[in-house]
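Participant: build me a model:
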Amino acid sequence: MAGRRLLVERVLEQGRPVVRAAEAQGVSAATAYKSRYAEVLAELAAALVLWRRAEQVAPAGRGRSRNALACTCACGRRIRVARSLLELAPILCAGCTQPFQPEDDEER
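Facilitator: Model (predicted):
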């Protein structure tokens, strides 16, 4: 730990280039850079973990997605598609060659 402090001091306070400070310390430049930024990297790692944990918490009662319409064809195949895409032109089923139609919410 004292060696790391000395290395960081040489770079930050004395203004030495990282490579020269590493040579004086007897370590590689990669180790010197790692030491110089160790505290910042630890803070970033902690922040990323906190951010990822918050991201994974799903709100209660989310229910079904409202982004796309559930559609069925005559043979019963189902797809989900954006309303705007369905309005452009019919989407035909390869099995029965009939167009997919939006399902009624009461069917579910």
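
Participant: you'd agree residue 74 is up against residue 92?
Facilitator: No: when contacts are counted by C-beta atoms under 8 Å, residue 74 is not listed as touching residue 92 (10.5 Å). Where you see a C-beta, it was placed from the backbone N, CA and C, and this is true even at glycine.

Participant: intersection of neighbour lists for those two?
Facilitator: Counting by C-beta atoms under 8 Å, 6 or more residues apart in numbering, the contacts common to residue 74 and residue 92 are residue 98.

Participant: what strand or helix carries the residue nearest to residue 25 when sequence neighbours are not counted?
Facilitator: Excluding its sequence neighbours, the residue lying closest to residue 25 (C-beta to C-beta, 6 or more residues apart in numbering) is residue 7, at 5.1 Å. In this structure, residue 7 sits in helix 2-12 according to DSSP states H and E.

Participant: quick one: contacts of that helix?
Facilitator: 16, 17, 18, 21, 22, 24, 25, 27, 32, 35, 36, 38.

Participant: name the nearest of the residues you listed relative to residue 48.
Facilitator: Within those, proximity to residue 48 (C-beta to C-beta) peaks at residue 38, which comes in at 15.7 Å.

Participant: that closest one: neighbour count?
Facilitator: Counted with other C-beta atoms under 10 Å, the neighbours of residue 38 add up to 12.

Participant: can you report phi and psi for it?
Facilitator: phi -60, psi -50 (degrees, to the nearest 10).

Participant: that one and residue 69: what is the separation?
Facilitator: The gap separating residue 38 from residue 69 is 52 Å, by C-beta to C-beta, to the nearest Å.

Participant: show me what contacts residue 17?
Facilitator: Taking C-beta under 8 Å, 6+ apart, we find residue 17 in contact with residue 11.

Participant: how would you label residue 70: helix, strand or coil?
Facilitator: Secondary structure, DSSP: H, G, I helix; E, B strand; the rest coil: residue 70 is strand.

Participant: could you pull up the residues touching it?
Facilitator: Residue 70 is in contact with 78, 79, 80, 102, 103, 108, counting by C-beta under 8 Å, 6+ apart.

Participant: excluding its backbone neighbours, what's nearest the second one?
Facilitator: Same thing as residue 79. Leaving aside its sequence neighbours, residue 79 sits nearest to residue 71 (C-beta to C-beta, 6+ apart; 5.4 Å).
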